[in-house]
Every structure is written in structure tokens, then in C-alpha cells.
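# sequence first, then the predicted structure:
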Amino acid sequence: MRSRVWWPTTAVVLGLLAAGCGDGDKDKGADKDKAAAAGASVSGGGFPVDVTDCMGAKTSFAAAPKKIVTSNAAALELLLRLGAGDKVIGTGFPPGKGTLPAELDAQAQQVKVLGKMVIPKEKLLGSGADLYIDTFASMGGMGGGGMGDTPTDAEYKAAGIKHIYLKSTACAANRKSPVTDLSAVQDDITSLGAVTGTSAKAKELVSGMKKTVDGVQAAVQSTPEASRPSYFFFDYDAGTKQPSVVCNRQVAHAVITLAGARNAFGDCDGDFKQVGWEDVIAKNPDWIQLGVRDRGGEAANKAAFDEAEKWLKSNAATKGLKAVAEGHFVRIGSERTTIAGVSNADTVHDIAKALYPGKVG
């Protein structure tokens, strides 16, 4: 099943949007991605908002939804940041207590958990929602679009639920060219702002992200590409037997690149890929990010980072790596690096600060 992703537009549906995730000439891939990212726009007049997916299908919002269900914590966090959290009546893959910023955590913990992982079909259809926001459609797993017994379009319609996606993750694997900036994430924020009637806040969030990233770019721009350190995102919680690496269609690739580093597996087309440790050894990265998942507290997170670092230092296959020998570890959590959100910009800054201490404050 091919995933779909939704974009806010004015009353006119732009044909170029179909380029976002569909098939096409690979030689024109970069142009298509650029057009797809820039093509969606939001009318200053507010509603109605027309939303078009990568396949060309359209749905309309005559007014902001009143009852929203999110597939996971990523979409939930974006809605909370937009000030639309009071409209969320349920979620799947709930955020652990303490994993979101303090000002958002209390509100997030009040949201009803419809599924600790993917929300069961019957619960979703019977939730009373008028909008379901799906995050990982193309991954064949998290949040629908290919895992378990998910509702059909007809079933969503019968239940009165409009089904939309976050494009920055839902279409990541199908992009025709590497992702090197956060425009897709910012478009998602703009999209949700339009749909939920919070465009002013969306504009504020996007502006803040751009300011953070622009500051880092100005600080590291004098370092030639060839002189930038190579960087390996170590997804410790994905398993150590066969590492899962970040490829050049994943948002983490953009985060790493914007921070002034070279993704060790930036030559891998797609979002994620399993490789062998011999491949990591061949790359011999200058820096390694200990990408552990948030445990819900500072002490627990420190213990997880310590555990990941200890594994690298004690494992025969990795203890000789340059980054390990020199103690070049970056302790930044997995979610804020690989899952689309406002904090992606903060991660760009934090990585750059570790790699360029004399340039980035």
C-alpha cells in the first residue's frame, strides 16, 4: 500500500503536489521534491482549507476539527506546541511521562491512550474523532498505513473521520533526492496550523526553527565540506547485533548535515537501513551520536547513554573506531533527531555545539 501525505492549499489544487511521493523520472527527482515542498500554501483568509495528498486525492476542511486522534507522540507534540492540544481526544504510541518538555508534558499525560502502540482499528473508528493524524504511513508499521488491520478509506468516511499524514516522515522513504533541510518539517507545522486554525502559532514556531538553524549555518559555513567531521547516528535501542543506520531521506540526515557534519551513511538512499558492523568500521566515523530513546527522566537518560557508550567501548568490533578511541560521543536522544518536530532545530544546534565548540555557543 502506497502511503499518502496531505498538504494545505488554497481553493486551487496544485498539480505539482502529486510529485511528493509518487513515481517519476529520477533525473528530475530533486526538482520534484523542491516543487512539492514549496507548492502547498495557505490562504490568509483561513477556511476552507483544501488538503491534497501525493496521489492527487483531495479533502477539505470547512472548519477546524474538534476531536483529533494522533497516531503517536510526534503528531501529539506538534498539536500541543500549536495550542491545539485541547482538541486531542486520544493517541497511539503515547509519550512516556517526562519525555516531552515540562510545559507540554502535563497536558500530554491527560490525553487518553487508545493504544500503547498502533491504535486498534475498532478503537480508532469508534473514538468519535473527526480527524486522525498519521505519522509513519510509509514505514509499513507505526501509526497505520500497513501494520495490522487498519481502516479502509471507506471505513474512515463512514465513521466521519478525515485521515491525514505528516509528510516529512510519511513520505521520507519515497523521496527522489536526499533531504538536506527542515522545510518538510516546517511544512508539516504550517499544514497542521492551517487545518487546526492555529496558523499564527505555526508561523511563530517555523520562524524560531529557521532562526536557530540559520545561526548554526552562519557559524559553520567557513568549514569546507571535505573538512567536516563524519558522523554516525548509533540507534542503540534498535539493537546492537545489526545496526540500523540513518540514510539520506530521513530527517536526521538533514539535522546532521545542517549541523556541519557528514552523515557516515549519507550515500544510502532511503530512510533507514540495516548494515553490518563491518560497514560501520569501514566508515570509521569521527563522531558518534548515542541515539538512545528518552527514558522519561534525567537520571534514567544518563544511565542509558552510559550503557550505550560502554557497549561501544567494550565491543570488539567497535572499540577501535576513531570516535570511540577519542571519546567523541554526542549525547542527544533519538526522538528529537529522527522524528519530525520543532526540536529538530534545537538538535542541529546541539550537535554543532559539540562538534564546533569554538564557533557555536
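Received the coordinates, thanks.

# so where does the residue most central in space within the chain fall, helix or strand?
For the chain, the residue nearest the mean C-alpha position is A340 (2.2 Å; C-alpha atoms, centre = their mean). Under the criterion DSSP states H and E, no helix or strand holds A340.

# over to A299?
A299 is part of helix 298-314 when elements are defined by DSSP H and E.

# what does the first helix or strand past that helix going along the chain rub up against?
For helix 298-314, the following helix or strand on the C-terminal side (DSSP H and E) is helix 322-326. With contact meaning C-beta atoms under 8 Å, 6 or more residues apart in numbering, helix 322-326 is reached by F232, N284, P285, D286, W287, I288, L312, K313, T318, K319, H328, F329. Where you see a C-beta, it was placed from the backbone N, CA and C, and this is true even at glycine.

# let's have these in TSV, adding neighbour count, distance to P94 and pLDDT.
Formatted as TSV, those follow (neighbours: other C-beta atoms under 10 Å; distance: C-beta to C-beta, whole Å; pLDDT from 0 to 100):
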residue	neighbour count	distance to P94	pLDDT
F232	26	30	98
N284	14	39	98
P285	24	33	98
D286	19	36	98
W287	22	32	98
I288	25	29	98
L312	19	30	98
K313	14	34	98
T318	20	33	97
K319	12	37	97
H328	18	34	98
F329	19	29	98
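
# and which of those residues is nearest to T99?
F329 (21.2 Å; C-beta to C-beta).

# list the residues that contact that closest one.
For F329, the contact set (C-beta under 8 Å, 6+ apart) comprises W287, I288, Q289, L290, F305, E309, L312, A323.

# tell me how many other residues crowd the last one.
By the other C-beta atoms under 10 Å criterion, the neighbourhood of A323 contains 23 residues.

# sorry, back to before: for the helix holding A299, which outside residues touch it?
234, 236, 240, 288, 290, 292-295, 318-319, 321, 324, 329, 331, 333.

# picking that back up, tabulate the contacts of helix 322-326 (TSV), appending distance to K97.
Listed next are these as TSV, based on distance: C-beta to C-beta, whole Å:
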residue	distance to K97
F232	30
N284	39
P285	33
D286	36
W287	31
I288	29
L312	29
K313	31
T318	32
K319	35
H328	32
F329	27
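
# and the residues you listed, which is closest to K121?
For the contacts of helix 322-326, the nearest to K121 is F232 (38.4 Å; C-beta to C-beta).

# buried residues, the host helix or strand of the closest one. List them.
For F232, the host element (DSSP H and E) is strand 230-234. Buried residues in strand 230-234, counted by 16 or more other C-beta atoms under 10 Å: S230, Y231, F232, F233, F234.

# stretch 261-272 now?
A261, R262, N263, A264, F265, G266, C268, G270, D271, F272.

# got it, and stretch 61-76?
F61, A64, P65, I68, V69, T70, S71, N72, A73, A74, A75, L76.

# same check on stretch 102-121?
Neighbour-count burial for stretch 102-121, with 16+ other C-beta under 10 Å as criterion, is recorded at L104, D105, A108, V111, L114, G115, V118, I119.

# which residues touch F61?
Shown in contact with F61 (C-beta under 8 Å, 6+ apart): F47, P48, V49, D50, V51, K162, V195.

# on that earlier part again, the residue nearest to the centre of the chain is in contact with V185, isn't it?
Yes - with contact defined as C-beta atoms under 8 Å, A340 counts as touching V185 (4.4 Å).

# overlap of the contact sets of these two?
Common contacts of A340 and V185 (C-beta under 8 Å, 6+ apart): S168, V251.

# who are the neighbours in contact with the residue nearest to D237 when sequence neighbours are not counted?
Nearest in space to D237, with sequence neighbours left out and distances taken as C-beta to C-beta, 6 or more residues apart in numbering, is R293 at 4.8 Å. Counting by C-beta under 8 Å, 6+ apart, R293 makes contact with D237, A304, G333, S334, E335.

# now, of the residues you listed, which are buried?
Buried positions within the contacts of R293, assessed by neighbour count (16+ other C-beta under 10 Å), are A304, G333, S334, E335.

# and of those residues, the nearest to G85?
Proximity of the buried ones among the contacts of R293 to G85, judged by C-beta to C-beta, is greatest for E335, which lies at 17.9 Å.
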